[in-house]
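Visitor: Can you look at this prediction? I've put the sequence above it.
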Amino acid sequence: MNLAKIEQTCNAVGLSVFGAFHPTPADNAPEGCKTLFLLGPHEPGFWQNITSSPEYGDADPVDRWSERVIGDLAQDLGAAALFPFGGPPYQPFVSWALRTGRVWQSPVSLMVHDVAGLFLSFRGALAFEVEITLPDHPGASPCDTCDAKPCLMACPAGALTPERYDVVACHAWLDMPQGQECLSGGCLVRRACPASQTYGRLAEQSAHHMRSFHKG
């Protein structure tokens, strides 16, 4: 098994490898795991996979689709499937993401990815009991070369700042008529990120996640 084979197999079902690393005992990976791959939506095209799937119409179609597709991937590739949902307890996806060298904390508290930008989301992970050769990671956040940093001024509710994410203020804004743009098109901060804008995620998907967040 090699990285190219794993990436090709994941891409074919609508997923991308968003990062990988070789865990140490401090990472709290499954026992025996020697290589851990974190998976996210493969764009463009991910939302079409969801809307054409048998899970579409379920209460949580994205998670249900992820369970089925990543479960099948794990079986095909000889790995264990792990998910960021379904707890508590929850798998430590945040610390795993930072270990990949492809994810950093952004100026607005959210995590940022070298490809997905602030549209970063993880659908699951694959844990292998073999050590797979991995390339060097980029090593620098896209925020380091983003002089304008439009994310800092994009939130109309002032909910996302370098100090914190004010979830209460975010929900309050979404309850107001002015908040409908966020509900119908997704978070304005995530959309403002230049890296996000080159990722290819559809507004319909962002709206789905925002509505789920606001209801949840």
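Guide: That came through, no problem. Numbering: from 1, shown residues only.
Visitor: you'd agree Cys170 is up against Gly158?
Guide: No: assessed by Cβ atoms under 8 Å, Cys170 is found out of contact with Gly158, at 9.5 Å. Placement of C-beta: from N, CA and C, glycine included.
Visitor: For the two, indicate the residue with more neighbours.
Guide: Under the neighbour definition other Cβ atoms under 10 Å, Cys170 and Gly158 were set side by side, and Cys170 has more, 22 against 11.
Visitor: Now do the same contact list for the residue lying closest to Pro194 once chain neighbours are set aside.
Guide: Nearest residue to Pro194, sequence neighbours excluded (Cβ to Cβ, 6 or more residues apart in numbering): Cys146, at 6.0 Å. Residues near Cys146 by Cβ atoms under 8 Å, 6 or more residues apart in numbering: Cys193, Pro194, Ala195.
Visitor: top of those by neighbour count?
Guide: Cys193 (29 neighbours).
Visitor: count of residues packed around Leu126?
Guide: By other Cβ under 10 Å, neighbour count at Leu126 equals 25.
Visitor: Surely it is in a strand?
Guide: Yes: according to DSSP: H, G, I helix; E, B strand; the rest coil, Leu126 belongs to a strand.
Visitor: In the chain, mark out all the helices, start to finish.
Guide: 3-12, 46-51, 61-77, 93-99, 151-154, 167-174, 180-185, 188-192, 194-197, 203-215 (DSSP state H).
Visitor: Just give the number of residues close to the residue nearest to Ile70 when sequence neighbours are not counted.
Guide: Distances taken as Cβ to Cβ, 6+ apart place Gly124 nearest to Ile70, at 4.0 Å, with adjacent residues excluded. Neighbour count for Gly124, taken as other Cβ under 10 Å: 24.
Visitor: do you know how far Gly124 is from Pro44?
Guide: 20 Å (Cβ to Cβ, to the nearest Å).
Visitor: and if you look at Gly87?
Guide: Using Cβ to Cβ, we find Gly87 at a distance of 31 Å from Pro44.
Visitor: Between the two, point out the one with more neighbours.
Guide: Pro44 (11 against 8).
Visitor: Wait, that one touches Gln205, no?
Guide: No: in this structure, Pro44 is not within contact of Gln205 by Cβ under 8 Å, at 10.6 Å.
Visitor: what about stretch 206-214, average pLDDT?
Guide: Mean per-residue pLDDT for stretch 206-214: 92.
Visitor: Stretch 133-142 now?
Guide: Stretch 133-142 shows a mean pLDDT of 88.
Visitor: Repeat that for stretch 174-183.
Guide: On average, stretch 174-183 scores 94.
Visitor: now that stretch: how far from the chain's centre is it?
Guide: 23 Å (Cα atoms, centre = their mean, to the nearest Å).
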